[in-house]
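J.: Kindly return the folded structure for what I paste below:
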Amino acid sequence: MSSNSRRWEVQPQNNQNEQLQSNNEPAPKAGTSKEIQEEANEKQMEIVSCGDNSYYDFETMKLLRKAVYSNDLIMCHILSYISNVRDRTEVELCNSRMNYLSGKAKYNFRTERDHLSIQFRKICSMVSFQYANLCINKPCLTYQSRGKDLEERRNGAEPGEEVNYLLNQTEEFMTVMNGIVKRFSKQIRRLTLGGIAKDHEWEAKNHLLIITEDLLRSIATHLPSLTRISFNQCGFDDQAIRYLASSECPIPQRIEELNIDGAWFDSKEENVKLIVFATTSLKKLSFRYFSYEMAFEFVARLRAMNHILDEISMDFPWISSGAECKRLMKEMSNQCKELRLRFAFEWVEGIYGIVPNQWEVHPEIFQMASFACTLPNVTSLRINVRPTTPQHMADYTEFAAALRDLKNLRILELHGWTDPRVISTVNNSLPHLTQLENISLLNLPRETPAEEISRFISALSSGVKEFCSHDVVIDGSQLKLLTQRLRLLEKIDIAYARKLVSKDIEDMLHDMPTLREIYISNTAVDVNSIAILLDKSILPKLEGGVLTFANRLPPAATLVFQDHFSSFRSANVEKTTHCTICFNDRKWDSTMLPRKNFYIPPQKPLQPVYVPLRKPGRKKLSWDHW
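T.: Numbers count the residues shown, from 1 in each chain. So this is what the prediction gives:
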């Protein structure tokens with residue numbers, strides 16, 4: 001190695017400057033490039049030009065580049081913890097080097113880092129861009145605003161002039177959209193468009209987002225890592241559909257998971273154009289509020305490609321034809337490895353014939369559930385329909401008996417029934433469901449015998465990880481049986497249990513070290529149980545949950561919760577001393593504070609205070625005073 005190479009050999013950072021200063025070798029005089037090249041040829045050494053009339057051999061330059069690369073990695077890691085966009089912008093304005101490194105550094109958010117959600121969270125036509133802890137509200141093009149604009153332009157147009165719908169989103173919408181997708185393009189892998197609140201799905205027309213071509217082009221250009229997309233109550237204009245179906249659009253080839261939840265179009269003939277997403281890269285497909293015509297087109301295209309999906313999910317909020325429903329489930333089962341089904345009753349409004357009007361539960365809905373038990377690859381089955389007629393009860397009993405045939409079932413959700421004897425049939429089928437991991441029981445009649453509830457818990461598979469019961473009468477002994485039976489339980493959700501007391505919940509927390517999430521509603525827990533929740537030796541895996549305490553939280557308890565969880569909210573229950581808290585995202589790197597006993601003496605419910613309308617000493621007004 002030449003003297004020049006030895007002088008510039010990369011040393012550890014703590015003594016690199018000392019090494020350079022302590023080197024007693026005289027620095028070689030700078031010569032012309034021709035002289036240096038001749039000397040290099042004599043020594044048979046490969047040299048690299050540095051652009052400033054200096055030359056280093058290849059090995060030295062390699063070490064220098066490695067040192068610079070290591071420093072860049074360290075700086076990018078430091079910049080990743082600056083998650084505030086405004087603070088990051090100020091760092092980028094320092095110099096071009098920091099701007100370059102900030103562009104390479106990811107954002108180290110505590111919450112979801114790969115999901116961009118564009119949903120409505122307000123009554124007005126303001127859409128919310130939500131990514132991690134960022135939330136920006138901007139106006140957008142909706143079903144209502146597009147129609148109102150078309151009407152205004154038609155009124156102002158000359159006779160015979162053709163007026164069409166707006167083709168682009170609002171300028172404010174696209175400015176925020178482009179800014180977000182450019183800054184977080186490497187991290188966003190999931191995209192949700194639409195997402196209307198349940199109570200406004202079919203009433204507020206300004207909550208129906210319009211998918212336009214400029215929006216799709218922004219997604220295609222700036223989100224190369226996008227693999228999951230969800231359309232929730234979205235409308236597609238004709239130009240957007242044409243771009244999506246063209247070979248110019250790369251979005252369908254990238255998508256691995258597709259969710260269609262109420263997509264609609266300007267014309268009924270366009271509702272099959274979304275089959276462009278049926279590609280060999282697609283792995284998971286989910287339908288809700290869909291047309292049978294679109295679903296059959298998806299099946300036909302997948303069959304033509306000889307492509308088997310990993311998972312297909314279908315939600316049936318309505319059933320237009322029992323025979324068509326059975327045929328669709330059968331064909332979907334043949335095109336996937338796992339089939340997830342949900343039967344529910346929800347009244348909706350028809351849009352272009354995609355969703356028919358329904359005023360009552362379809363008479364064959366429980367027969368469809370029984371037919372689903374004949375499909376071998378059903379892994380999830382949810383029944384959110386309450387039987388109301390004797391025929392429904394007979395079909396429900398038949399379905400409960402057929403449950404034992406679902407050997408691969410992992411998720412089961414059963415809604416309440418009017419006949420308390422049905423649970424006996426369900427209990428006979430549960431021991432055959434050995435793969436069950438998630439069980440939900442909702443709205444059982446109060447007349448259900450306690451022995452049948454205990455038998456239901458005893459019949460559950462020991463591998464169940466999630467348990468949910470709403471409006472089910474459960475007492476302390478049955479909860480104790482549950483903790484003894486389900487030793488791998490990770491999530492528990494109990495609401496309106498009626499007979500549970502605070503001590504039952506505290507004993508459960510002591511006996512369930514595997515819990516990750518806990519949701520207890522309408523059962524007041526003593527405030528002193530906070531010490532149990534925060535003790536990592538008792539609940540080492542707890543990540544979050546919702547609890548209702550019998551008393552208002554003291555300030556010290558609030559501070560301790562905030563020290564242990566990144567997200568914490570509390571709300572006082574009106575006309576009571578109860579307090580409901582919600583906590584998420586546990587700080588696993590935080591130091592465990594010593595256990596404290598937050599003892600709060602019992603408080604009486606708040607009594608309404610009578611305030612007289614007329615102040616004392618004030619004369620009563622009469623009509624003469626007016």
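J.: So Asn408, which state does it fall into?
T.: coil (DSSP: H, G, I helix; E, B strand; the rest coil).
J.: Straight-line length of stretch 508-526, end to end?
T.: 14 Å (CA to CA, to the nearest Å).
J.: how distant is it from the center of its chain?
T.: With CA atoms, centre = their mean, to the nearest Å as the basis, stretch 508-526 stands 23 Å off its chain's centre.
J.: Now it: buried residues?
T.: For stretch 508-526, the neighbour count (16 or more other CB atoms under 10 Å) marks 508-509, 511-512, 515-518, 520, 523-526 as buried. Placement of C-beta: from N, CA and C, glycine included.
J.: For Asn155, state which of the residues you listed is nearest.
T.: Proximity of the buried residues of stretch 508-526 to Asn155 (CB to CB) peaks at Glu517, which lies at 55.1 Å.
J.: what sits against that closest one?
T.: Glu490, Lys491, Ile492, Asp493, Leu542, Glu543, Gly544, Gly545 (CB atoms under 8 Å, 6 or more residues apart in numbering).
J.: From the buried residues of stretch 508-526, pick the one nearest Asp214.
T.: Nearest to Asp214 among these, counting by CB to CB, is Glu517 at 40.2 Å.
J.: Just the closest of the contacts of Glu517 to Cys325, please.
T.: Asp493 (30.0 Å).
J.: Phe561 reaches Phe568, doesn't it?
T.: Yes. Using CB atoms under 8 Å, Phe561 is in contact with Phe568, at 4.8 Å.
J.: before we move on, the earlier item: looking at the contacts of Glu517, which is nearest Ile136?
T.: Proximity of the contacts of Glu517 to Ile136, judged by CB to CB, is greatest for Gly544, which lies at 25.2 Å.
J.: In the stretch 201-350 of the chain, mark out all the helices, start to finish.
T.: For the stretch 201-350 of the chain, the helices defined by DSSP state H, counting those that start in this stretch cover 213-222, 238-245, 251-254, 292-305, 322-334.
J.: hang on, the earlier thing: a markdown table for the buried residues of stretch 508-526, including pLDDT?
T.: Output for these, formatted as a markdown table (pLDDT from 0 to 100):
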| residue | pLDDT |
| --- | --- |
| Met508 | 93 |
| Leu509 | 91 |
| Asp511 | 92 |
| Met512 | 92 |
| Leu515 | 95 |
| Arg516 | 94 |
| Glu517 | 95 |
| Ile518 | 95 |
| Ile520 | 91 |
| Thr523 | 82 |
| Ala524 | 82 |
| Val525 | 87 |
| Asp526 | 86 |
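J.: In JSON lines: those, plus secondary structure and distance to Cys579.
T.: Rendered in JSON lines, the data for the buried residues of stretch 508-526 read as follows (DSSP: H, G, I helix; E, B strand; the rest coil; distance: CB to CB, whole Å):
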{"residue": "Met508", "secondary structure": "helix", "distance to Cys579": "20"}
{"residue": "Leu509", "secondary structure": "helix", "distance to Cys579": "18"}
{"residue": "Asp511", "secondary structure": "helix", "distance to Cys579": "25"}
{"residue": "Met512", "secondary structure": "coil", "distance to Cys579": "23"}
{"residue": "Leu515", "secondary structure": "coil", "distance to Cys579": "21"}
{"residue": "Arg516", "secondary structure": "coil", "distance to Cys579": "23"}
{"residue": "Glu517", "secondary structure": "strand", "distance to Cys579": "20"}
{"residue": "Ile518", "secondary structure": "strand", "distance to Cys579": "16"}
{"residue": "Ile520", "secondary structure": "strand", "distance to Cys579": "13"}
{"residue": "Thr523", "secondary structure": "coil", "distance to Cys579": "13"}
{"residue": "Ala524", "secondary structure": "coil", "distance to Cys579": "9"}
{"residue": "Val525", "secondary structure": "strand", "distance to Cys579": "10"}
{"residue": "Asp526", "secondary structure": "coil", "distance to Cys579": "12"}
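J.: Let's have the residues you listed in JSON lines, adding distance to Asp72.
T.: Output for the buried residues of stretch 508-526, formatted as JSON lines (distance: CB to CB, whole Å):
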{"residue": "Met508", "distance to Asp72": "51"}
{"residue": "Leu509", "distance to Asp72": "47"}
{"residue": "Asp511", "distance to Asp72": "51"}
{"residue": "Met512", "distance to Asp72": "46"}
{"residue": "Leu515", "distance to Asp72": "42"}
{"residue": "Arg516", "distance to Asp72": "37"}
{"residue": "Glu517", "distance to Asp72": "39"}
{"residue": "Ile518", "distance to Asp72": "44"}
{"residue": "Ile520", "distance to Asp72": "49"}
{"residue": "Thr523", "distance to Asp72": "54"}
{"residue": "Ala524", "distance to Asp72": "55"}
{"residue": "Val525", "distance to Asp72": "51"}
{"residue": "Asp526", "distance to Asp72": "53"}
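J.: burial of Ile308, as a residue count?
T.: 12 (other CB atoms under 10 Å).
J.: hey, where'd the strands end up in the stretch 51-200 of the chain?
T.: 55-57, 115-120, 126-131, 134-139, 190-194 (DSSP state E, counting those that start in this stretch).
J.: pLDDT averaged over the first one - what is it?
T.: Averaging pLDDT along strand 55-57 gives 51.
J.: just the last one next, same as before
T.: Here strand 190-194 scores 91 as its mean pLDDT.
J.: Helices of the stretch 51-200 of the chain, start to end?
T.: Using DSSP H, counting those that start in this stretch, helices in the stretch 51-200 of the chain cover 58-79, 85-92, 96-104, 143-156, 171-183.
J.: now could you export just the CA positions of the shortest one as CSV?
T.: Put plainly, it is helix 85-92. Output of helix 85-92 as CSV, limited to C-alpha atoms (Å, rounded to 0.1, in the frame of the first residue of the first chain):
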residue,chain,number,x,y,z
VAL,A,85,-43.6,16.5,9.7
ARG,A,86,-43.0,20.2,10.5
ASP,A,87,-39.9,19.4,12.6
ARG,A,88,-38.6,17.1,9.8
THR,A,89,-39.2,19.9,7.3
GLU,A,90,-37.0,22.3,9.3
VAL,A,91,-34.2,19.7,9.4
GLU,A,92,-34.4,19.3,5.7
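J.: what packs against that helix?
T.: helix 96-104 (3 or more CB pairs under 8 Å, 6 or more residues apart in numbering; DSSP states H and E).
J.: And the helix it packs on, what's buried?
T.: Under 16+ other CB under 10 Å, the buried positions of helix 96-104 are Met98, Leu101, Ser102.
J.: And for it, what's in contact with it?
T.: Residues from elsewhere that reach helix 96-104 (CB under 8 Å, 6+ apart): Asp72, Met75, Cys76, Leu79, Arg88, Val91, Glu92, Leu93.
J.: what's the spacing between the residue nearest to the second one when sequence neighbours are not counted and Lys186?
T.: Right, the one you point to is Met75. Nearest residue to Met75, sequence neighbours excluded (CB to CB, 6 or more residues apart in numbering): Leu101, at 5.2 Å. Look at Leu101 and Lys186: by CB to CB, to the nearest Å, they are 14 Å apart.
J.: Which residue, neighbours along the chain excluded, lies closest to Arg254?
T.: Arg254 sits nearest to Leu226 (CB to CB, 6+ apart), 5.7 Å away.
J.: That neighbour and Ser218: what is the separation?
T.: 11 Å.
J.: Could you check which of these two is surrounded by more residues?
T.: Leu226 (22 against 18).
J.: does the more buried one really touch Leu191, like I thought?
T.: Yes. In this structure, Leu226 is within contact of Leu191 by CB under 8 Å, at 5.9 Å.
J.: Check the contact lists of those two and give me the overlap.
T.: Ile219.
J.: Would you agree Asn584 falls within a helix?
T.: No. Assessed with three-state DSSP, Asn584 is strand; it does not lie in a helix.
J.: which residue is nearest the middle of this protein?
T.: His115 (7.4 Å; CA atoms, centre = their mean).
J.: How about that one, nearest residue that isn't a chain neighbour?
T.: Arg190 (4.3 Å).
J.: what's around Thr212, how many residues?
T.: Neighbour count for Thr212, taken as other CB under 10 Å: 26.
J.: State the distance from it to Tyr243.
T.: The gap separating Thr212 from Tyr243 is 9 Å, by CB to CB.
J.: Cool, thanks, talk later.
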